[in-house]
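Chemist: Prediction below, plus the sequence it came from.
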Amino acid sequence: MLMWILLFFIGLAAGTIGSLVGLGGGIIIVPVLLIVDQYTDWLPVLSPQMIVGSSIVVLVAIGLSSTLAYMKKKSVDYKSGALFFLGSGPGAILGAWLNKFIQVDYFSIYFGVFMVLVSILLMVRNRLRPMKVNGQFARSYTDSDGVQVNYTFSALAAVLVSFIVGVISGLFGIGGGSLMVPAMILLFGFPTTVAVATSMFMIFLSSITGTLTHLALGNIQWFLLLGLIPGAWIGAKCGSFINQKLSDNTIVIILRWMLIIVGVRLIWQGTMG
């Protein structure tokens, strides 16, 4: 009974935080389950591959639940999300393949530092101008106050940047949202609410492909899903609800701290490896 309660609350926390800032939730599920598995006997012995594979299945639930909630607020940019997925999908597959040949622990330290630097860039984002490249993709969004925000970006640049993000996420085993949300805000001028909602839509798409891969590899532990998914589904609804109540600046502050946590985790992971 204790195990099911624990899994439910892990899923709830992952869904809430992941949906709130567009990071998915894997950054909560994977390290927490690794710690629980290592230091307690509450769960059957799990391999890291099973934890990662099961986490990706939970991301399908978080991504779908969040997307449905953000759809009601009309803050998901489907066309941009599909465009970014064109790059991030193949990139993630390539990154997972490259993972076999590269000493990831060594690079984790540098990438962790990079993530912390991205969080610092978000502090000064108002002084930065979005990239201006020919062949612009024009989009608009009307916020809850009825104010229309227009943003434009290059479709080619979007696919290239999302491909790089996909490779990095596949290589280091982190959610693509960790970099895609800052990229949408800093490089392409997305309103923060739209960036978060669109990121969750992308995470839903990419986690489906990831699930099929891990299913084929036999990396999914079904008993974990029975506990994690109900909590994750409810948490994703809570996260998207909270997101709509907060200002863009508040969401960016939370996002910055989450990136710092991810960065520190990668640095620690690299030094421990």
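Modeler: It's in. Keep in mind that what you see is a predicted model, and the values were worked out from it rather than measured.
Chemist: Do a quick rundown of the helices in the chain.
Modeler: Assigned by DSSP state H, the chain shows helices spanning 2-21, 26-39, 48-72, 78-98, 104-123, 155-172, 177-186, 192-217, 222-245, 248-272.
Chemist: Confidence-wise, which of the ones you listed is weakest overall?
Modeler: The weakest mean pLDDT among the helices of the chain belongs to helix 104-123, with a mean of 79.
Chemist: So for that helix, what gets flagged as buried?
Modeler: Under the neighbour-count criterion of 16 or more other CB atoms under 10 Å, helix 104-123 has Val104, Phe107, Ser108, Ile109, Phe111, Gly112, Met115, Val116, Val118, Ser119, Leu122 buried. C-beta coordinates here come from the backbone N, C-alpha and C atoms, glycine included.
Chemist: these two touch, right, the fifth one and Phe172?
Modeler: What that stands for is Phe111. Yes. Applying CB atoms under 8 Å, one finds Phe111 in contact with Phe172, separated by 5.8 Å.
Chemist: any residues in contact with both of those two?
Modeler: Leu266 (CB atoms under 8 Å, 6 or more residues apart in numbering).
Chemist: Endpoint to endpoint, stretch 124-137 covers what distance?
Modeler: Terminal residues of stretch 124-137 are spaced 25 Å apart (CA to CA, to the nearest Å).
Chemist: Relative to Leu259, how far out is Pro182?
Modeler: Going from Pro182 to Leu259 by CB to CB, to the nearest Å gives 7 Å.
Chemist: residues shared between the contacts of these two?
Modeler: Common neighbours of Pro182 and Leu259 (CB under 8 Å, 6+ apart) are Val118, Leu122.
Chemist: dump the residue contacts of Leu6.
Modeler: Val36, Trp42, Gly227.
Chemist: Quick check: chain neighbours aside, which residue is closest to Phe223?
Modeler: Excluding the flanking residues, the one nearest Phe223 by CB to CB, 6 or more residues apart in numbering is Pro44, at 7.7 Å.
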